[in-house]
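> dropping a prediction and its sequence here:
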Amino acid sequence: MGNVSVKGVSRRFIKEGGTPTVALDNVDLEVKDAEFVCFLGPSGCGKTTLLRIISGLDIPDDGDIFLNNEKITGPGPKRGMVFQEYSLFPWKSVIENVIFGPLMGGAKKKDALKEAEKYLELVGLEQFKDSFPHELSGGMKQRVAIARALANEPEVLLMDEPFGALDAQTRNVLQGELLQIWQKKHLTVLFVTHSVDEAVFLADRIVMMTSRPGKIKTIIDVDLPRPRGRTSQEVNALRDQVLNILSEEKDK
């Protein structure tokens, strides 16, 4: 189960001698198990801050986060995080990167290796298990990062612009592969992006956020069947709707 509840969450940052910057202001959100939710909004609206709070890497000044009615107070294996930067250990091979989390969680190395190979096969990198990060392309590195997150058997996968640094072709391929993994694993996915096209292609719901201070402006249900054409009439209409909402916030 991967039900996430965000209740009255606010986050403020204070520089020494300065006034507080309100990143998030009283955010409420309910995410259902196995739902794919994308967060979209102007730069600096608190999308990544919210994701980090849900991961347990940051703490709110007000409010609480719950996973399956259990309050989140710090990082945990039930929430896997994939960052925009590849964040792999450069001195470890691909498979050593993937087994790192399970080993830290107390798994036996033989069992961890067996599971790691399964996840590397899932992301199409089983033939590169002994390679090192510097030998991989950007897209391959991000596949390793996804496999590493999945190796801990999380209930929620948190993704902070994971494909933002990739070229358009690779990005489109990985979006399709991510949907296949999501459907196979029945994960809850919370995905931060700046790309309207990406959000429309991936999401069950798009959470539109306001300019700072970050609040939820509206939530758009994406009631389109998968696989989705990227240029269909329905997709274009939804893209225009999202772009108009973003323009309203950028003009403020």
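Good, I have the coordinates.

> so who does the residue positioned nearest the centre of the chain touch?
Nearest to the mean C-alpha position of the chain, by C-alpha atoms, centre = their mean, lies Met159 at 1.6 Å. By C-beta atoms under 8 Å, 6 or more residues apart in numbering, the residues touching Met159 are 81-82, 189-192. Bear in mind the C-beta positions are built from the backbone N, C-alpha and C, glycine included.

> regarding it, what is its secondary structure?
Under DSSP: H, G, I helix; E, B strand; the rest coil, the three-state class of Met159 is strand.

> how close does it get to Leu51?
Going from Met159 to Leu51 by C-beta to C-beta, to the nearest Å gives 8 Å.

> mutual contacts of these two, please.
Residues within reach of Met159 and of Leu51 at once, by C-beta under 8 Å, 6+ apart, are 81, 190, 192.

> so the first one sits against Leu57, correct?
Which is Met81. Yes - under the criterion of C-beta atoms under 8 Å, Met81 makes contact with Leu57 at 7.3 Å.

> ok, back up a step: partner residues bridging the residue nearest to the centre of the chain?
Per DSSP bridges, the residues bridged to Met159 are Val82, Phe191.

> Gln127 versus that one, what's the distance?
Met159 is 25 Å from Gln127, by C-beta to C-beta.

> likewise Val242?
39 Å.

> quick check, distance from the one helix or strand Arg11 maps to to the centre of its chain.
According to DSSP states H and E, Arg11 maps onto strand 4-13. The chain centre lies 17 Å from the centre of strand 4-13; the measure is C-alpha atoms, centre = their mean, to the nearest Å.

> helices and strands around that strand, which ones?
If you count contacts as 3 or more C-beta pairs under 8 Å, 6 or more residues apart in numbering; DSSP states H and E, strand 4-13 packs onto strand 21-31, helix 47-55, strand 62-67.

> run me through the strand neighbours of the shortest one, direction for each.
What that stands for is strand 62-67. By DSSP bridges, strand 62-67 pairs with strand 4-13 (antiparallel), strand 70-71 (antiparallel).

> just want the angle from the first one to strand 21-31.
Orientation note: strand 4-13 sits at an angle of 180 degrees relative to strand 21-31 (axes from the mean of the first three to the mean of the last three C-alpha atoms, to 10 degrees).

> and the residue lying closest to Leu224 once chain neighbours are set aside, how many neighbours?
Excluding the flanking residues, the one nearest Leu224 by C-beta to C-beta, 6 or more residues apart in numbering is Glu234, at 5.7 Å. The number of residues packed near Glu234 is 14, by other C-beta atoms under 10 Å.

> how close does Glu234 sit to Ala112?
Taken as C-beta to C-beta, the span from Glu234 to Ala112 is 44 Å.

> which helix or which strand is home to Lys217?
Here Lys217 is assigned to strand 216-221, by DSSP H and E.
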